[in-house]
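Novice: with the input below, show me the fold.
(2 chains)
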Amino acid sequence: EDKVVQSPLSLVVHEGDTVTLNCSYEVTNFRSLLWYKQEKKAPTFLFMLTSSGIEKKSGRLSSILDKKELFSILNITATQTGDSAVYLCAAGGGADGLTFGKGTHLIIQP
Amino acid sequence: DAGVIQSPRHEVTEMGQEVTLRCKPISGHNSLFWYRQTMMRGLELLIYFNNNVPIDDSGMPEDRFSAKMPNASFSTLKIQPSEPRDSAVYFCASRPEGFTGELFFGEGSRLTVL
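Specialist: Numbering: from 1, shown residues only, chains lettered A, B, ... in the order given. Coordinates of the predicted model:
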């Protein structure tokens, strides 16, 4: 059975801190690893990673994939209160649907 | 561009009643997915369709759940009879057929069964 595990499940930090969110996966016929941000409604897409070792970056957010260790991290630098959300990791095995982790609930305190 | 459209946004019903959730995927997207989200279990895939044909319904919890896609622009998820443990947010998502990337999610239908 496909599985995605995220850690930590929750995290509280102060504005300006840097955070690292973790995601490990076991997916048959793995094709891609995706990160989403969810703020009380639909998940919104952040990154898709398919190749090991290539960092994807968008502003203060970055992510990297390790296909040998079956692992990905999402980094957020200089956090802001608007970064407070649930961050979801998902792994895809082709044309099938994505398998999601339970998410990391991130709270940024002013 | 219109995204994935779901209705109703909120539904409160009593145990034993029939519930029908609706979804209109993004035009041109041939794959449609139904997910359920709860605090305990996170986002779980219930069923997905390719070109209106159900491909994998192994995530459907039990026979009380059924899903249809009569055409490329409409899908329903039905629960009959509903139970309190069905309370969750139900998301519909779509993407182009064969595309292995992101899913495009609707805003979700929050179901409360009393």
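Novice: going forward, measure contacts between C-alpha atoms and count neighbours the same way
Specialist: Fine.
Novice: phi, psi of the nearest residue to B:Glu18 once chain neighbours are set aside?
Specialist: Computed as Cα to Cα, 6 or more residues apart in numbering or on different chains, the closest residue to B:Glu18 that is not its neighbour in sequence is B:Gln80, at 4.6 Å. Reported as degrees, to the nearest 10, the phi and psi values for B:Gln80 are phi -150, psi 120.
Novice: what pLDDT does B:Gln80 get?
Specialist: pLDDT for B:Gln80: 96.
Novice: burial count for it?
Specialist: Using other Cα atoms under 10 Å in any protein chain shown, B:Gln80 has 15 neighbouring residues.
Novice: distance of it from B:Val113?
Specialist: 12 Å (Cα to Cα, to the nearest Å).
Novice: in the chain, which segments are predicted with low confidence?
Specialist: No chain specified, so I'll use chain A. A:94-95 (pLDDT under 70).
Novice: that was the other one, I meant chain B.
Specialist: Residue ranges of chain B with pLDDT under 70: B:1, B:98-100.
Novice: now the strands for it?
Specialist: All strands of chain B, identified by DSSP state E, fall at B:5-7, B:10-13, B:19-24, B:31-38, B:42-50, B:53-56, B:65-71, B:74-79, B:88-95, B:104-105, B:109-113.
Novice: anything in the second one sitting right up against chain A?
Specialist: So the one you mean is strand B:10-13. No - if you take Cα under 8 Å from any Cα of the partner chain as the test, strand B:10-13 misses chain A, and the best it gets is 12.1 Å.
Novice: ok, A:Tyr25 touching A:Phe71?
Specialist: Yes - the criterion here is Cα atoms under 8 Å, and A:Tyr25 meets it with A:Phe71 at 6.4 Å.
Novice: fine, thanks again, bye for now.
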